[in-house]
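Asker: Let me see the structure of the following:
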Amino acid sequence: MLNMEKIALIPLFVFFVVLSGCGGSSNSSSNGATPFMIASGNWSIPLPGSGTPLGGAPLAGGSLIQTGSTISGILHINGSPCFDQLADQLIVTGTASTDGSNTVTLSTAPIRGQVLTMNGKFPAVLLNHQFTPNGPQGSLDATVTITGGACAGQVTTEMELFNFSNANATATWLLDQGTHGTANLTQGVPDATGTSHFSGSFTFINTPCFTSGTVSNGVLLGNIVQATITTDTGQVALGGSFFVLGPFTLDANFPQLDATLVVTGGPCNGQTLQFNIREQ
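Answerer: Take a look at the predicted model:
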């Protein structure tokens with residue numbers, strides 16, 4: 001008879017962010033023009049030195065919220081020697097264009113003399129096909145610059161929105177050795193500390209370790225995810241990162257999440273389960 005104890009995850013650094021929203025305003029600027037809109041939520045922004053958005057080097061992650069033509073937020077930076085991943089909160093302010101240029105300009109308050117600026121625009125590949133923005137955008141072509149400090153530099157990259165869901169989202173997932181199941185995930189609004197949270201439930205098929213689980217302490221920070229799954233036979237720590245299929249997302253939802261479970265205790269002790277979740 002299976003007697004699972006604890007299940008924990010290979011340590012995976014994660015932070016989470018959100019942002020403090022600015023004061024309310026109408027969806028139009030003071031001159032009556034309609035502003036270019038980005039989707040509010042959890043964004044991931046590659047930094048100078050990262051190479052590509054999937055290069056694994058420094059990333060800024062956190063929440064950006066747009067009200068009218070004003071954008072505000074809080075970012076944390078992962079993988080940089082110039083910023084403390086937990087203590088440094090980069091307070092973002094910025095504006096969206098109202099002149100038809102479909103751009104945003106963002107900057108952060110200085111931290112030890114270091115300032116992050118982001119100039120984003122409606123993706124060029126779409127402009128080349130003569131598309132126009134249709135609703136809030138979840139992807140921007142961007143120039144990201146750090147001024148001051150040892151990490152100063154500039155990179156041309158993509159800013160991406162990574163959200164689990166705006167309501168209940170159903171995803172299927174596959175694990176090693178034919179294990180599969182379902183995940184129902186719900187993402188809430190950021191809290192006052194700038195953290196994005198999610199909750200949900202899992203079912204597991206074709207594994208002797210567990211058959212169901214409930215998410216607790218689920219958090220997002222940029223493209224990094226971490227949570228605890230309490231299963232019917234013990235606990236599992238969930239960690240992973242978003243994987244983007246293509247240079248940008250059109251629907252402002254994540255295409256795939258890769259993560260790892262490592263079992264400790266019981267008959268599955270030491271087993272590593274790699275899985276991915278794809279939104280349906």
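Asker: from here on, contacts and neighbour counts on C-alpha atoms
Answerer: Will do.
Asker: and the nearest residue to A109 once chain neighbours are set aside, what does it touch?
Answerer: With sequence-adjacent residues excluded and distances taken as CA to CA, 6 or more residues apart in numbering, A109 is closest to I91, at 5.6 Å. Contact analysis of I91 by CA atoms under 8 Å, 6 or more residues apart in numbering lists S72, G73, I74, L75, T108, A109.
Asker: quick one: average confidence on stretch 138-153?
Answerer: Averaged over stretch 138-153, pLDDT sits at 94.
Asker: residues of that stretch that come out buried?
Answerer: For stretch 138-153, burial by neighbour count (16 or more other CA atoms under 10 Å) applies to G138, S139, L140, D141, A142, T143, V144, T145, I146, C151, A152.
Asker: and the end-to-end length of it?
Answerer: 25 Å (CA to CA, to the nearest Å).
Asker: Can you pull out the residues in contact with it?
Answerer: By CA under 8 Å, 6+ apart, stretch 138-153 touches 38-39, 46-49, 81-82, 112-124, 154-161, 248-253.
Asker: Buried among these? Make that a ChimeraX selection.
Answerer: Those of the contacts of stretch 138-153 that count as buried under 16+ other CA under 10 Å are selected in ChimeraX with:
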select :38,39,46,47,48,49,114,115,116,117,118,119,120,121,122,123,154,155,156,157,158,159,160,161,248,249,252,253
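Asker: Closest to P208 out of the buried residues of stretch 138-153?
Answerer: Nearest to P208, judged by CA to CA, of the buried residues of stretch 138-153 is G138 at 39.6 Å.
Asker: quick one, phi/psi of the closest one?
Answerer: Backbone torsions of G138, given as degrees, to the nearest 10, read phi -110, psi 10.
Asker: Distance check, it against N206.
Answerer: G138 sits 36 Å away from N206, going by CA to CA.
Asker: quick one: pLDDT of A259?
Answerer: The model's pLDDT for A259 equals 73.
Asker: likewise the one 4 residues further on?
Answerer: As summarised for this prediction, V263 has a pLDDT of 74.
Asker: so where do the helices sit in the stretch 101-250 of the chain?
Answerer: Counting by DSSP state H, counting those that start in this stretch, the stretch 101-250 of the chain has helices at residues 124-128.
Asker: where does it have low pLDDT?
Answerer: In the predicted model of the stretch 101-250 of the chain, residues 125-131, 165-178, 194, 242-250 satisfy pLDDT under 70.
Asker: swap the cut-off to 80 and go again
Answerer: Within the stretch 101-250 of the chain, the ranges that satisfy pLDDT under 80 run 124-132, 163-183, 188-195, 206-208, 223-224, 234-235, 237-250.
Asker: Kindly reformat the buried residues of stretch 138-153 as TSV containing distance to V189.
Answerer: TSV is the format used below for the buried residues of stretch 138-153 (distance: CA to CA, whole Å):
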residue	distance to V189
G138	17
S139	20
L140	22
D141	25
A142	25
T143	28
V144	26
T145	28
I146	29
C151	32
A152	33
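Asker: Kindly indicate which of those residues lies nearest D232.
Answerer: Using CA to CA, those come closest to D232 at G138, 36.6 Å.
Asker: how close does that closest one get to A109?
Answerer: Taken as CA to CA, the span from G138 to A109 is 24 Å.
Asker: Could you chop this structure up by domain?
Answerer: Here the domain parsing of the chain from automatic domain parsing is 6-14+163-279, 41-161.
Asker: so which of those gets nearest A33?
Answerer: domain 41-161 (5.6 Å).
Asker: how long is the closest one from one end to the other?
Answerer: 7 Å.
Asker: Same question for stretch 98-108.
Answerer: Span of stretch 98-108 from end to end, CA to CA: 21 Å.
Asker: which other residues reach that stretch?
Answerer: Contacts of stretch 98-108 (CA under 8 Å, 6+ apart): 29, 33-36, 69, 71, 90-97, 115-122, 133.
Asker: Nothing else from me, thank you.
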